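In: Pasting the sequence and the predicted model now:
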Amino acid sequence: MHPMTTSAAAASTRSEAAASSPEPDRRGRGRTVRTATLPDPATVAPQVEAVLLTSSRPISPSRLAQIILMPDEPATPAHSGDALPERVAVSKDQLDLIAAAVKQLNDSYQSSERSFRIEAVANGYRFMTLPAFAPLLARYHGVTSQSRLSRPAIETLAIVAYKQPITRARIEAIRGVACGDILRSLMERRLVSIAGRADELGRPILYGTSRQFLEAFGMASLKDLPGVSELDLRSAST
């Protein structure tokens, strides 16, 4: 063998050994350094699509990352509130990859003029049809105007959404009327839920909006609630 070839081979062998050898930590013990390489968004996109297609609820980006990018970790059961084991850490790069895959899917749906998109709703992703198809779907599912919220219910729900957690007495003080029946109706629709008890005399119940509220109004989180200035502009335009 040529001396140059032998030297190169030896150098290559030393480099490989150095790359795979344990790196000593501060206590002198060795630990193996592993650098995880994330896949391309085009590879992840069909997997994200498959998982979302089989779910009737929004799935958080962290849970999607766990299911798709960390196959060695024990996945949480479906519909378990997206709670991850404490030892599972999802990196920002993994979350960015999931977001890039979702964007790639939505770009594909838009270019092919599909009737749906993947939307960020209730702290997760889910498939949703475009607003233009709402009348069609309402006719198919037999949705009538009776299923809509009344004006008092909307007012009560808005107070809960913006003031939560809030007691019934505080809601009634703001509206100036009794709200017991309306609150029960909103809870039956799963738009409002009990958020705990107030730290005051009698420990009254605190009310807040639910995850179903975010899903029903197409919001990713409560941060998507319109601000006061935006509401003023809307009211001025009507």
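Out: Great, that's in hand.

In: Identify the residue nearest the geometric centre of this structure.
Out: residue 124 (1.7 Å; Cα atoms, centre = their mean).

In: And for the top helix by length along the chain, what's in contact with it?
Out: When the chain is parsed with DSSP state H, its longest helix is helix 92-111. Applying Cβ atoms under 8 Å, 6 or more residues apart in numbering, the contact partners of helix 92-111 are 38-39, 41-42, 44-45, 47-49, 61-62, 64-65, 68-69, 116-118, 125. Quick note: C-beta positions are derived from backbone N, CA and C, even for glycine.

In: Whichever helix or strand comes after it: which residues count as buried?
Out: Counting by DSSP states H and E, the next helix or strand C-terminal to helix 92-111 is strand 116-121. For strand 116-121, the neighbour count (16 or more other Cβ atoms under 10 Å) marks 118, 119, 120, 121 as buried.

In: Please parse this structure into its domains.
Out: 41-130, 149-237 (automatic domain parsing).

In: Tell me where the chain has helices.
Out: Counting by DSSP H, the helices of the chain are 3-20, 41-53, 61-69, 92-111, 134-141, 151-163, 168-175, 180-188, 211-216, 228-237.

In: Can you tell me which of those is most buried?
Out: When you average the neighbours per residue for each of those (mean count of other Cβ atoms under 10 Å), helix 61-69 leads with a mean of 21.

In: Now do that one, average pLDDT.
Out: For helix 61-69, mean pLDDT is 93.

In: Packing partners of it?
Out: helix 41-53, helix 92-111, strand 124-129 (3 or more Cβ pairs under 8 Å, 6 or more residues apart in numbering; DSSP states H and E).
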